[in-house]
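Asks: The sequence and its predicted three-dimensional model are supplied below.
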Amino acid sequence: MMQNVLKLIEKLSLEHNKISPALVREKNIKLGLRNEDGTGVFVGITSKGQVMGYKREIQGDGTEKKVDLDGELYYCGYNVTDLVSHQQEEGRFGFEETAYLLLTGKLPNNKHLEEFTSELAQRRKLPAEAKTMILNRPPHDDQMGALHTIVSAMHLFDRTPNSTDIKDLSRQCIDLIAKFPTIVAYNCLASGNGKKVRELIEPKEEYGHAENFLYMLKGKRPDKLTANLFDMMLVLHAEHGGGNNSTFTVRTVSSSGANSYMAICSGIASLSGHLHGGANEAVESMMENIKANVKKWDDDDELFRYLIKILDKKVNDKSGKVYGIGHAVYTKSDPRAVILEHKALEIAQQSGMEKEFELYRSIARLAPGIILKKKGKVASANVDFYSGFVYRSMGIPKELFTPIFAMSRVAGWSAHRIEEIIQGRLIRPSYFSSLPGLREEYVPLKSR
């Protein structure tokens, strides 16, 4: 009986919820809040992140044309390439400085950075009850679901969880930024063989954000190269403008007046979707398929032929996608991928994975030309193309790739949440009806 009901609901849902492409064009509906050429619809104003991958130029006939550019990413007006470059040159960790910048809009001086870093350090530990929740959950391997559960539960330890006063918002956001690495590490450890609370490694106040996560996860302080590269990854993923799906979700939920824990959980929920947060996992799966089916990794002709098969939906998952190549905004280049490619070589050399890394480079070099020829789209490697490889080189399991993304992006989510609360306008777009008209009359149940 239940199966019959479920099948009927599935059938009617598929029939009733499809929309006509003609109706979309007639009403000029911006599906996915995108224009016809794939560019995003402007729906708000932010000072936090600016993503640039193209510009619009007025042509001689008065029409606008999208012109592809080398990608650039800005945090509060600062080019992320410059931020990373200076942090690396000065030989220091950069995530704490980046989080401060996103929350305040200003770069900290030494005193303010030390105070902010100290504040994060003091807030990293979890309440004993939260540890018990993590360890006593039913066995499962859903790391994003586990993260969502514990972040949601953190409101239980807040005396004023529903306050939207800026002082409380700032405290809550800083607290969550500090605790995310601890939650992610403990969730992963709890997936193993029956750990007890006393076996969970406490974060060290003298370690930075990146060091602490790797220390809590593996039980030893990471080497300098690994810690610095992981920190750089956190900086590169910390923010990406208000239009990416998870940040827009956080802003939408925040605009309703929901508390910080619910708003940040909505970002986690969005990021758990495979179209947003799971891209580097898809890259890793694709690369495993390529490694298994291409005999000579250094043979461009053989790689070229196999990439054609991927785009023709004949191999891999038959989706027709070369994962990690292409982006919603970036076209000619993703600045994060450019930075990461250079640094990834160092970790590849350290871990003895140079040959594999050169395969990644070859795919990143060949795929854009094939995509342009077959689909007419300008594309390049994005940050997800290399990030999974880097994490794997560090010995980080694949199920943590997306939680680590959240661990970094919570800084951007927090900054956008505070900004949305200050701007104070409920986000409420409109929808056209797909029905041909109104129902003439209600038909009584006995007559149907």
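Replies: Yep, it's here. Residues are numbered from 1 along each chain as shown.
Asks: Return the set of buried residues in the helix or strand harbouring Phe405.
Replies: Using DSSP states H and E, the element containing Phe405 is helix 401-423. Residues of helix 401-423 classed as buried by neighbour count (16 or more other CB atoms under 10 Å): 401-421. (Glycine included, C-beta is placed from N, CA and C.)
Asks: same thing with stretch 68-81?
Replies: Those would be 68, 71-76, 80-81, for stretch 68-81 by 16+ other CB under 10 Å.
Asks: how far does it sit from the chain's center?
Replies: With CA atoms, centre = their mean, to the nearest Å as the basis, stretch 68-81 stands 17 Å off its chain's centre.
Asks: Can you give me the first-to-last residue distance of that stretch?
Replies: End-to-end span of stretch 68-81 (CA to CA, to the nearest Å): 19 Å.
Asks: so for that stretch, what's the average pLDDT?
Replies: The average pLDDT within stretch 68-81 is 96.
Asks: can you list contacts of it?
Replies: By CB atoms under 8 Å, 6 or more residues apart in numbering, the surrounding residues in contact with stretch 68-81 are 47-55, 83, 98, 101-102, 105-107, 235-236, 238-240, 327, 329-336, 338-339, 378, 380.
Asks: which of those are buried?
Replies: Buried subset of those (neighbour count, 16+ other CB under 10 Å): 48-54, 83, 98, 101-102, 107, 235-236, 238-240, 327, 329-331, 333-336, 338-339, 378, 380.
Asks: Filter these down to the ones in helices?
Replies: 83, 98, 101-102, 235-236, 335-336, 338-339 (DSSP state H).
Asks: Tabulate those (a markdown table), appending distance to Lys446.
Replies: A markdown table is the format used below for those (distance: CB to CB, whole Å):
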| residue | distance to Lys446 |
| --- | --- |
| Leu83 | 69 |
| Thr98 | 65 |
| Leu101 | 66 |
| Leu102 | 61 |
| Val235 | 65 |
| Leu236 | 63 |
| Pro335 | 65 |
| Arg336 | 62 |
| Val338 | 68 |
| Ile339 | 68 |
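Asks: Where do the strands of the stretch 101-250 of the chain begin and end?
Replies: In order along the chain, the stretch 101-250 of the chain carries no strands (DSSP state E, counting those that start in this stretch).
Asks: Sketch out the low-pLDDT regions of it for me.
Replies: Residue ranges of the stretch 101-250 of the chain with pLDDT under 70: 192-197.
Asks: got the residue ranges for the helices in it?
Replies: Along the stretch 101-250 of the chain, the stretches classed as helices by DSSP state H, counting those that start in this stretch are 110-123, 128-135, 143-153, 166-190, 209-218, 224-237, 245-255.
Asks: who does the helix or strand just after the last one touch, helix- and strand-wise?
Replies: Right, the one you point to is helix 245-255. The first helix or strand that comes after helix 245-255 along the chain, using DSSP H and E, is helix 260-271. When contacts are defined as 3 or more CB pairs under 8 Å, 6 or more residues apart in numbering; DSSP states H and E, helix 260-271 sits against helix 143-153, helix 166-190, helix 245-255, helix 401-423.
Asks: since we're on the nearest residue to Val151 once chain neighbours are set aside, how many residues are nearby?
Replies: Nearest residue to Val151, sequence neighbours excluded (CB to CB, 6 or more residues apart in numbering): Cys265, at 5.4 Å. By the criterion of other CB atoms under 10 Å, Cys265 has 24 neighbours.
Asks: now the one 3 residues further on
Replies: For Ile268, the neighbour count with other CB under 10 Å is 27.
Asks: Tell me the spacing between it and Arg124.
Replies: 18 Å (CB to CB, to the nearest Å).
Asks: swap in Gln423?
Replies: Counting by CB to CB, the separation of Gln423 from Arg124 is 30 Å.
Asks: Outline the domain layout of the chain.
Replies: Listed domain ranges for the chain are 95-273+399-423, 279-393 (source: automatic domain parsing).
Asks: would JSON lines of those with distance to Leu23 be doable?
Replies: JSON lines is the format used below for the domains of the chain (distance: least, CB to CB, whole Å):
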{"stretch": "domain 95-273+399-423", "distance to Leu23": "24"}
{"stretch": "domain 279-393", "distance to Leu23": "24"}
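Asks: Output the helices of the stretch 101-250 of the chain in TSV, with distance to Met353 appended to each entry.
Replies: Compiled in TSV, the helices of the stretch 101-250 of the chain are given as follows (distance: least, CB to CB, whole Å):
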stretch	distance to Met353
helix 110-123	32
helix 128-135	32
helix 143-153	24
helix 166-190	22
helix 209-218	18
helix 224-237	13
helix 245-255	30
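Asks: Quick one: closest of these to Val443.
Replies: helix 245-255 (36.7 Å; CB to CB).
Asks: The closest one to helix 166-190, inter-axis angle?
Replies: Per axes from the mean of the first three to the mean of the last three CA atoms, to 10 degrees, the angle that helix 245-255 makes with helix 166-190 is 140 degrees.
Asks: Helix 245-255 versus helix 401-423: what angle between them?
Replies: Orientation check (the same axes, to 10 degrees): helix 245-255 against helix 401-423 gives 40 degrees.
Asks: Helix 245-255: how far from the chain's middle?
Replies: Put simply, helix 245-255 sits 13 Å off its chain's centre (CA atoms, centre = their mean).
Asks: Indicate which one of the domains of the chain is closest to Asn17.
Replies: Closest among these, using CB to CB: domain 95-273+399-423, at 18.6 Å.
Asks: got the end-to-end distance for that closest one?
Replies: For domain 95-273+399-423, the end-to-end distance is 26 Å (CA to CA).
Asks: I'd like the distance from that domain to the chain centre, please.
Replies: Distance of domain 95-273+399-423 from the chain centroid (CA atoms, centre = their mean) equals 13 Å.
Asks: And stretch 378-385, by the same measure?
Replies: Put simply, stretch 378-385 sits 14 Å off its chain's centre (CA atoms, centre = their mean).
Asks: let's number from 40 now, not from 1
Replies: That works, and once the first residue is 40, the last one we named lands at stretch 417-424.
Asks: Show me the contact partners of that stretch.
Replies: Counting by CB under 8 Å, 6+ apart, 107, 110, 275-276, 318-319, 322, 362-366, 369-373, 375-376, 379-380, 399, 402-403, 406-407, 410-411 sit against stretch 417-424.
Asks: Now for Met193: which residues touch it?
Replies: 169, 214-215, 218, 300.
Asks: again, only this time at 6 Å
Replies: Contacts for Met193 (CB atoms under 6 Å, 6 or more residues apart in numbering) come out as Tyr300.
Asks: And Ala266, by the same measure?
Replies: With contacts defined as CB under 6 Å, 6+ apart, Ala266 is in contact with 249-250.
Asks: How about Arg467?
Replies: Not one residue lies near Arg467 by CB under 6 Å, 6+ apart.
Asks: Check it and give its pLDDT.
Replies: At Arg467, pLDDT is 93.
Asks: same check, this time on Ile68
Replies: Ile68 is assigned 84 on the pLDDT scale.
Asks: Just give the nearest non-adjacent residue to it, would you?
Replies: Nearest non-adjacent residue to Ile68, counting by CB to CB, 6+ apart: Phe471, 6.1 Å away.
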